[in-house]
Every structure is written in C-alpha cells, then in structure tokens.
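A.B. asks: below: sequence and its predicted model.
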Amino acid sequence: MKSLRENPLRLQSTKKLKAVMQRYFLRLEEASGTKRRKVAWCSSIGPCELLIAMGFEVYYPENHAALLGATRRSTEMIPLAVAAGYSADICSYLTSDVGAFLKGVTPLSEAYGMKSVPKADVLFFNNNQCREVQDWFMFYARQWRVPIVGVNSPRVLDEVKDSHIRDVVSQLKDVIPTLEEVSGNKFDMDRLKEVVRLSKDCTIRWRKVLEFSGCTPVPMTFFDHCIHMAPAVILRGKPEALDYYDTLLAELEQAVEDGLAAVPGERHRLYWDGMPIWGRLRMLSDQMRDLKTAVVASTYCNSWIFDPLDPDRPFESMARASLECFNVRSEGFKESYIEQWIEFCNVQGIIFHDAKTCPYNTNSRFAMPSRLNAELGIPTLIIDGDLNDLRCFSEAQTKTNIEAFVEQLQEMVKTRFPG
Ligand code: SF4
C-alpha cells in the first residue's frame, strides 16, 4: 500500500464546500419568486457588495455556465441558443446558459435540488470583463421584463487613473434609485461598508490560498483552485466565505507541514493563462499528475483577488477593484503581472489556453507567449480549446502537445542542471 506522501493530496474541505454551496442555492431558491427577498443577477467580477448591501440574494450566471461546462452539458445546449439567433462564435458561457434556459433544464436540479435557475428581479452587469455579459443579461431582461442596470467600464488600461475611478463611481451611484425601488430597501452606507469589509476579508483569505502556489511541492493545483474558488466568486461579502477559507487554509498549512503534494513526485511546475476547459479539468489534471507536472497557478483564479477593497472608501475602492482586474488591463501590464507570478511560483513553463469563444480571456493571440519566452527564457505552449464548447477541443491533440512540452522541460532541466 502506498504511503500518504505517494498519493495525491485529497482535500477534505471539499465536503464542507458542497454543504456551503447547498445552503447558498437553497437561500436563492427560497428567495426566487417571493415578495420578501429579491434576487439580483450579477456578472462575476461586478460590484456584488452594493447588491448584498441593498438586501438582494445575488446569483452569478457565469457560475451556472461553468457548471454546465463541468458537467459536459453545454455542448448539447449551445445549438438551442444558436437556433434563437446567437452566433456559435460568441461566448459559450452565454450560449450554453441561454440554451439551457430555452430547454428548461439546469444542472442545479441534480446538484442542489433546484427546480430552475432563480428568476431575477434585477440584472446588474459590469462590462469590464467583456461586452458579452451585457447582451447575455439583456436576454433575461427581455424574457422577464425586469430592469437591467450596469457599469460601462473603461478597458485595456495601462494605469488606472482618478478619472476612470470617478467615472465608475458615478455610474455605481446612479443605479442606487433603481436598486432601492426593486428591493424596497433604502441604501445604507454603514451596511455597504460592512459588506465591503467582509468582501475584503474574503480576498485576503483567497489570496493566501493561492499563495500556497509558492510551496514545493505544491499542495493544491490550478485544477483544485477552479473548484475551491467558488466561495470567492459567489459568497464574497458574506461571512460563510470567511469560515470556509479558514477551514481550507488550516488544511493546507497542515498538508505543507506534513510534506503532502497535489502531484506526488512533483518534477515540473507550470503556470496556466486563460480560461479553464471546464469539461476536461479532470482529464488534464490526471495527465499532469501522471507526468509529475504541477500547474501551480493561473491568472484566471487570481481574478477574484480584489486587493483595493477598503471599507472606509467603499465606492472608490469597489471601482478601483473592478478596474485593476487583470483582464481590464493593457498587454504591458498583463505581461509584468504574469512575470511576477512566474517568479513567485518558480515555474518552468507557461500554458496559454486559446479559448475560441472568449477573446477577452485569451492572451496568446498578439504574441505575448513569444515576448514572455524571450523575456524570461522559459518555454510556452498554446492549447486550442474553449471554456465550454468542447467541439473546439481535441483531446488527442492536446495530450500529445502536453507530452511533447513536458519532454521539452525535461531536456531544459538536464541542460541547465547537468548531472
Ligand atoms: S469574459 Fe469571456 S467567458 Fe467570461 S462572460 Fe465574457 S466572453 Fe464569456
């Protein structure tokens, strides 16, 4: 029988995560369609703190779309959205989510016993990440004849200037009357400060979880982060997220002390840029483990670190947090951001995922891999795929490319450290 150290670390916190998610969806189900509690839909890096402070239960359709991808239901849903007039080339989160709605199904039924996705009373987008979220939410605003509000954000920023912050702050304040009308609650600045404080505390904990990527061997990989990031996405601003990450952090600290590894015999370390391939997380995780290669960090999972949040300056700090996000920034900023994480995690190579339906979260199309390769002297690999549309992904081709890439890493290590 193998010793604990030879087996990949299986995080026990996952059980608690399931219970936390169950309670979150139960609350949404109870609120949906009632007069007592209202439901707001929010884009995943939108200002959820304002919605929570106004008394809404907040639902994140990107989380739902990722679940459609992870359960491999998305590919059968996309054609329904295409038949309704949406292009198959636009975001496959949008097309799989809209397709599932048109079909009247949701993976939330099987996972959490929900009858349907919760009906929105108001929809709040922030197009800092892409234009798709606005069009996606418009579909539901038309279906249910409910208000849609949002922030039209500046994009591709090298430096976040005061003028950008003022612009976003004024847009956030402009939506308050609509939120008051829909929720039936008056805006309360003290309540907003409290929610921003909770959200900041969540960010501090999530950052600590991700910084375990500096450990060798690493106790948790990018593929684990994709699962355990859920509270940072859907429960930030709530005490439940803090409690969950305290449990996970304690487990990770113990694992490091005990020398346990996510990839036993870890030989190589990689960085992932771009969206996850939700329907192939397990396949990729298994292949990497067999190759004794740990994908230790990613820009995607780091996107829910909101360092600028400050309860003493709630509006300004929410605006800054949304504008300083990785995918709102210029190429130059992105490159230096990736370089810092490469150095911190001590990785030997970078995988870029070219997600066919998400140009916004794809950074391989304008020669960034070549520039980073020249700058850092480490190899890069581009994988063709998609977040949800598995018709864009070849399992055989990807496996072959990854194997060849890891062989290249082995050669590189032998050359640099002969003997
Ligand atoms: S950022 Fe990409 S994956 Fe996310 S909603 Fe926008 S287009 Fe879709």
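C.D. replies: Yes, it's here.

A.B. asks: just say helix, strand or coil for the residue lying closest to residue 341 once chain neighbours are set aside.
C.D. replies: Closest residue to residue 341 apart from its sequence neighbours, by CB to CB, 6 or more residues apart in numbering: residue 297 at 5.5 Å. (Glycine included, C-beta is placed from N, CA and C.) With DSSP: H, G, I helix; E, B strand; the rest coil as the basis, residue 297 sits in strand.

A.B. asks: list the contacts of residue 297.
C.D. replies: Going by CB atoms under 8 Å, 6 or more residues apart in numbering, residue 297 touches 210, 213, 222, 225, 271-272, 341, 344-345, 347.

A.B. asks: what would those look like in TSV with pLDDT, secondary structure and neighbour count?
C.D. replies: Converted to TSV, the contacts of residue 297 look like this (pLDDT from 0 to 100; DSSP: H, G, I helix; E, B strand; the rest coil; neighbours: other CB atoms under 10 Å):
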residue	pLDDT	secondary structure	neighbour count
210	98	helix	24
213	98	helix	27
222	98	helix	26
225	98	helix	25
271	98	strand	24
272	98	strand	25
341	97	helix	20
344	97	helix	13
345	97	helix	21
347	96	coil	23
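
A.B. asks: got those as CSV, with distance to the ligand columns?
C.D. replies: Below are the contacts of residue 297 laid out as CSV (distance: CB to the nearest ligand atom, whole Å):
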residue, distance to the ligand
210, 19
213, 23
222, 17
225, 17
271, 19
272, 15
341, 20
344, 25
345, 24
347, 24
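
A.B. asks: specify which member of the residues you listed is nearest to residue 157.
C.D. replies: Closest approach to residue 157 among the contacts of residue 297 (CB to CB): residue 341, at 19.3 Å.

A.B. asks: quick one: residues contacting that closest one.
C.D. replies: 213, 271, 297, 299, 302.

A.B. asks: from the stretch 201-350 of the chain, which residue is nearest to the ligand?
C.D. replies: residue 275 (5.9 Å; CB to the nearest ligand atom).

A.B. asks: correct me, but that residue touches residue 358?
C.D. replies: Yes - using CB atoms under 8 Å, residue 275 is in contact with residue 358, at 5.5 Å.

A.B. asks: which of these two has more neighbours?
C.D. replies: Taking other CB atoms under 10 Å, residue 275 and residue 358 do not tie; residue 275 has more neighbours (27 against 23).

A.B. asks: what about the more buried one, which SS state?
C.D. replies: Note that with three-state DSSP, the state of residue 275 is coil.

A.B. asks: a helix runs through residue 311, doesn't it?
C.D. replies: No - judged by three-state DSSP, residue 311 forms no part of a helix; its state is coil.

A.B. asks: who in this protein is up against the ligand?
C.D. replies: 62, 91, 93, 129-130, 132-133, 275, 358, 360-361, 387 (CB under 6 Å from any ligand atom).

A.B. asks: in helices only, show me those residues.
C.D. replies: Using DSSP state H, the members of these that fall in helices are 62, 93, 132-133.

A.B. asks: got a list of what the residue nearest to residue 80 when sequence neighbours are not counted touches?
C.D. replies: What sits nearest to residue 80 in space, not counting adjacent residues and going by CB to CB, 6+ apart, is residue 99, at 3.7 Å. Listed by CB under 8 Å, 6+ apart, the contact set of residue 99 reads 74, 76-82.

A.B. asks: toward the C-terminus, what is the element adjacent to the helix or strand containing residue 99?
C.D. replies: For residue 99, the host element (DSSP states H and E) is helix 92-103. Per DSSP H and E, helix 92-103 leads on to helix 107-112 as the next helix or strand towards the C-terminus.

A.B. asks: buried ones in that next one?
C.D. replies: 107-108, 112 (16 or more other CB atoms under 10 Å).

A.B. asks: could you do stretch 89-100 as well?
C.D. replies: 90-100.

A.B. asks: dump these to CSV, plus distance to residue 381 and pLDDT.
C.D. replies: Shown next, in CSV, are these (distance: CB to CB, whole Å; pLDDT from 0 to 100):
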residue, distance to residue 381, pLDDT
90, 26, 98
91, 24, 98
92, 22, 98
93, 24, 98
94, 28, 98
95, 27, 98
96, 26, 98
97, 30, 98
98, 32, 98
99, 31, 98
100, 32, 98
